[in-house]
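> What follows is a predicted structure for the sequence shown.
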Protein chains: 2
Amino acid sequence: MRVLSEYKGKAGELLREHGLSVGDRVRIVRDDGVVVEGIIMPRSELGDDEHIVVKMDNGYNVGVRVDRIEKLEAPGEGHEPSFKPMEGEIEYDPKLPNVSVMSTGGTIACRVDYETGAVKPAFTAEELVGAVPELLDVINIVDARAVLDLLSENMEPKHWMKIAEEVVDALSDPDVEGVVIGHGTDTMAFTAAALSFVIEGLNGPVVLVGAQRSSDRPSSDAASNLIAACAFAGDGEVGEVTVCMHGWTSDEVCLVHRGVRVRKMHTSRRDAFRSVESIPIAKVDVKDLRNPKIEFLRSDYRRPEDGEPEISGGFEEKVALVKFAPGMDPEVLDFYVDRGYRGIVLEGTGLGHVSEQWLESIERAVDDGIAVVMTSQCLYGRVNMNVYRTGRLLRAVGVIPGEDMLPEVAYVKLMYVLDRTDDIKEVERLMRTNIAGEIEGGRVLGGFEPADGPHHRL
Amino acid sequence: MRVLSEYKGKAGELLREHGLSVGDRVRIVRDDGVVVEGIIMPRSELGDDEHIVVKMDNGYNVGVRVDRIEKLEAPGEGHEPSFKPMEGEIEYDPKLPNVSVMSTGGTIACRVDYETGAVKPAFTAEELVGAVPELLDVINIVDARAVLDLLSENMEPKHWMKIAEEVVDALSDPDVEGVVIGHGTDTMAFTAAALSFVIEGLNGPVVLVGAQRSSDRPSSDAASNLIAACAFAGDGEVGEVTVCMHGWTSDEVCLVHRGVRVRKMHTSRRDAFRSVESIPIAKVDVKDLRNPKIEFLRSDYRRPEDGEPEISGGFEEKVALVKFAPGMDPEVLDFYVDRGYRGIVLEGTGLGHVSEQWLESIERAVDDGIAVVMTSQCLYGRVNMNVYRTGRLLRAVGVIPGEDMLPEVAYVKLMYVLDRTDDIKEVERLMRTNIAGEIEGGRVLGGFEPADGPHHRL
């Protein structure tokens, strides 16, 4: 693996001449008049020393060939850092709810780390309020914790446990209404599912929040998402783990999704998060950041419990998620059996099918005591293994129907269930029983937008 | 594996007493007055001999305990079979376009096979017209081929090749405007992608069509989908492989999707098929089945080419699709390397990421000459591996960005590309080059419905 580093060669010389280095702001005029302004990024792993890579304010990186640079300078006008810590003490407002805010390394209210291009959660209440001063009108940040510092694609079950412990600890303070957790968006839904299962007896809302655009970009959703999440956590009405993100591409509304029914459905849009075959718990109008308004969209959410929450169990790591595709060899299942895996979540087609060629390997896995759970790569709808022959054959060899659970949620849940029991009957019972809202069972339909919606231009 | 069979024990006795057996229509009155009417299904693989399983007209199976049966009879009124072959010769109408119709085993215009509960494509032009008489007003079926008889979850690359050869053969007749292929919905999108890549120089439309509800159910979409598909094939305007299915849950409109941009997004709804990050090519109004109306929704489709189409290459089967999830061990990649795989499509998170813990195994795979392609489990949007550190590191070890290709389409395409070349540079070039519309590159946006659509009840 190559490492990130300062520039060498021609690029390094040029930068040193101007007293600039990685992390500094620069303004470059190219020989064709094009102007590139932004932060000097580390020498790219891909690059040579003939280019200088600049992260522009719109968030994109651009490489400029050194021999085409006509002018290179530190920009005359100072660049405002994305936020400055608020100075002095923050006043406690007894009329506002108390919220604990945690950071795990997401983009939310964070600075770009110029070493890696990643975001850095240098995280105190003062810094948060410095970044989003409107928070002062919404909640008291009674507790700001930098729990982890990870890009969310690097999250693992041990990190889910760490976060769960911090949440339980924060909520053991009777003055705290709810918890907000800043989290990278890539695996936020997985973490939300994990916390939903592993924390028992929640006495207040837990709200995961992220940003699709970092806070140094003009179109950042960081501030409005954070305000909405804090308002919802402070409201204290719900005893569930939720995800709060932009509802649609305007800045005006955020949605609060049930943590076990949500999925990142777009790589880049700010409204990427969707409740799947479900509807969100609430929307938060953030037109006025100082006065967010919560409107509940359903009433069947879990209320906060009395007493303190606790950790119930953990996660068995010998679980695999296997997506089926035509032509794929079932030998991958044999591999997992041979490696001593205890659970496999299949992402089958349609109502929950795989090729009949897979039956023998599946039967072998089941005979070895492995829990095999079926979900659907359609994502919307529910598994029904009684309609077609293939489904019935799969049931016959012992495959557990994943009901209407999202594949990702079934994967996290199976890890959780297998940590609790090795009795396969009990595993099946728990997988098919609703624990945290993950099985809606058709009680609430929604989220599958007809193609004749006004936005489809049909 | 247990086998399907007639009933034994109490259930068998009761049926024999009444002269009924598997496949017969039955009307059962239970001791609580509940009436179950439908087809007697084979003794369930799960069941005992205490229940009789009946497939009701709504398509669902229900088991009735023998000792709760008050009355059991062959229904007084004869059940109309779902269709009767049209008798006599079908008249050729020179004003109508000529279409070749193929069956591969899907639900479309087929009967329930009472042996297995599956659908049987007993397939002649007369039977098709018997099932959907309105076809007589829309096209001449000049050629009806029963190509395969498979549940679509059992399709493999060799079947894609078989279908491709039949399509090429049918279109070598200059009098044929287009081809319609009945296909099970589970893997229809995979087959559509495969045909899109492997048939070169299409001189007319190829339209895959299926049904989400079998034709013996009152809510079946079989007839309207088939009419729409035949109308579009007969129109002859497009030289692409497409998928034609219900547009929304009413019976009035079908959508024609580009074969490389479509996905089954719901397990059971009739409007399950969606163009993803793309818009459909056309809609077909089928309010009047005898007079379907085509309206194009975009103009950038490929026109039919002159001359005859041909097969270009085939599919390398040593390709795997691997979906990433937090906590998953990269050892599955090592497994594929050890097994001599030539390609791996990763379904990563967000803009195209996996845990940094996977980097070493990925680097090993790339060093072994394996093509590793990144796609996103978000499905909507596009991979961008230049924004975050993880993406850049993945690029640095040689991962090929899958652009805006759906993971399933990238998987089929990689099979196709690896059959053509083993030069890894050429593999990367082809994977990142649009061949059949699979890379739209943001030219057409659509299909990601804002959550504030009127159907979300927000």
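That came through, no problem.
> what are the phi and psi angles of residue A:293?
phi -120, psi 130 (degrees, to the nearest 10).
> And the nearest residue to it once chain neighbours are set aside, what's its pLDDT?
Nearest non-adjacent residue to residue A:293, counting by C-beta to C-beta, 6 or more residues apart in numbering or on different chains: residue A:285, 4.3 Å away. For the C-beta atoms, the positions are set from N, CA and C on the backbone; glycine is no exception. Model confidence at residue A:285, expressed as pLDDT, equals 95.
> same deal with residue A:253?
91.
> can you list the weak-confidence ranges in the stretch 351-458 of chain A?
Within the stretch 351-458 of chain A, the stretches with pLDDT under 70 are A:442-458.
> I meant the stretch 101-250 of chain A, not that one.
A:106-123, A:214-218, A:249-250.
> For residue A:428, which three-state class applies?
helix (DSSP: H, G, I helix; E, B strand; the rest coil).
> doesn't residue A:372 make contact with it?
No - using C-beta atoms under 8 Å, residue A:428 makes no contact with residue A:372, being 10.2 Å away.
> Spell out which residues are contacts of both of the two.
Residues touching both residue A:428 and residue A:372 (C-beta atoms under 8 Å, 6 or more residues apart in numbering or on different chains) are residue A:400.
> Neighbour count: the two, which is higher?
residue A:372 (22 against 17; other C-beta atoms under 10 Å in any protein chain shown).
> Distance-wise, check the more buried one relative to residue A:353.
13 Å (C-beta to C-beta, to the nearest Å).
> is chain B contacted by the helix or strand hosting residue A:337?
Assigned by DSSP states H and E, residue A:337 belongs to helix A:331-338. Yes - against chain B, helix A:331-338 shows contacts by C-beta under 8 Å from any C-beta of the partner chain at A:331, A:332, A:335, A:336.
> What is the burial count for the spatially closest residue to the third one that is not a sequence neighbour?
In space, and not counting its chain neighbours, residue A:335 is closest to residue B:335: 4.9 Å by C-beta to C-beta, 6+ apart. A count of neighbours around residue B:335, defined by other C-beta under 10 Å, yields 20.
> Wait, residue B:335 touches residue A:336, no?
No - applying C-beta under 8 Å, one finds residue B:335 not in contact with residue A:336, separated by 9.1 Å.
> ok, now which ones touch the residue nearest to residue A:273 when sequence neighbours are not counted?
Distance criterion C-beta to C-beta, 6+ apart; nearest residue to residue A:273, sequence neighbours excluded, is residue A:245 at 4.1 Å. Residue A:245 makes contact with A:185, A:209-210, A:212, A:221, A:225, A:254-255, A:257, A:270-273 under the criterion C-beta under 8 Å, 6+ apart.
> Show me the strands in the stretch 1-150 of chain A, by range?
Along the stretch 1-150 of chain A, the stretches classed as strands by DSSP state E, counting those that start in this stretch are A:25-30, A:35-40, A:51-56, A:61-65, A:69-73, A:98-103, A:111-112, A:119-120, A:140-146.
> Could you figure out how far the second one is turned away from strand A:61-65?
By that I understand strand A:35-40. In terms of direction (axes from the mean of the first three to the mean of the last three C-alpha atoms, to 10 degrees), strand A:35-40 departs from strand A:61-65 by 110 degrees.
> what separates the residue nearest the centre of chain A from residue A:257, distance-wise?
Centroid-nearest residue in chain A: residue A:188, 1.8 Å away (criterion: C-alpha atoms, centre = their mean). Separation of residue A:188 from residue A:257 (C-beta to C-beta): 10 Å.
> shared neighbours, those two?
A:243, A:273.
> Number of residues surrounding the residue lying closest to residue A:149 once chain neighbours are set aside?
Nearest non-adjacent residue to residue A:149, counting by C-beta to C-beta, 6+ apart: residue A:105, 4.7 Å away. Neighbour count for residue A:105, taken as other C-beta under 10 Å: 24.
> Please apply the same query to residue A:279.
Using other C-beta under 10 Å, residue A:279 has 20 neighbouring residues.
> Kindly report the same for the one 4 residues further on.
The burial metric for residue A:283, expressed as a neighbour count using other C-beta under 10 Å, is 23.
> Thought residue A:247 was touching it, still the case?
Yes - counting by C-beta under 8 Å, residue A:247 is a contact partner of residue A:283 at 6.0 Å.
> coming back round to it: got TSV for the strands of the stretch 1-150 of chain A, with mean neighbour count and distance to residue A:180 too?
Converted to TSV, the strands of the stretch 1-150 of chain A look like this (neighbours: other C-beta atoms under 10 Å in any protein chain shown; distance: least, C-beta to C-beta, whole Å):
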stretch	mean neighbour count	distance to residue A:180
strand A:25-30	19	31
strand A:35-40	18	28
strand A:51-56	21	27
strand A:61-65	17	30
strand A:69-73	15	41
strand A:98-103	26	5
strand A:111-112	20	19
strand A:119-120	22	17
strand A:140-146	19	9
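> Could you export these as CSV, including distance to chain B?
Formatted as CSV, the strands of the stretch 1-150 of chain A follow (distance: least, C-beta to the nearest C-beta, whole Å):
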stretch, distance to chain B
strand A:25-30, 18
strand A:35-40, 13
strand A:51-56, 9
strand A:61-65, 6
strand A:69-73, 21
strand A:98-103, 17
strand A:111-112, 11
strand A:119-120, 9
strand A:140-146, 19
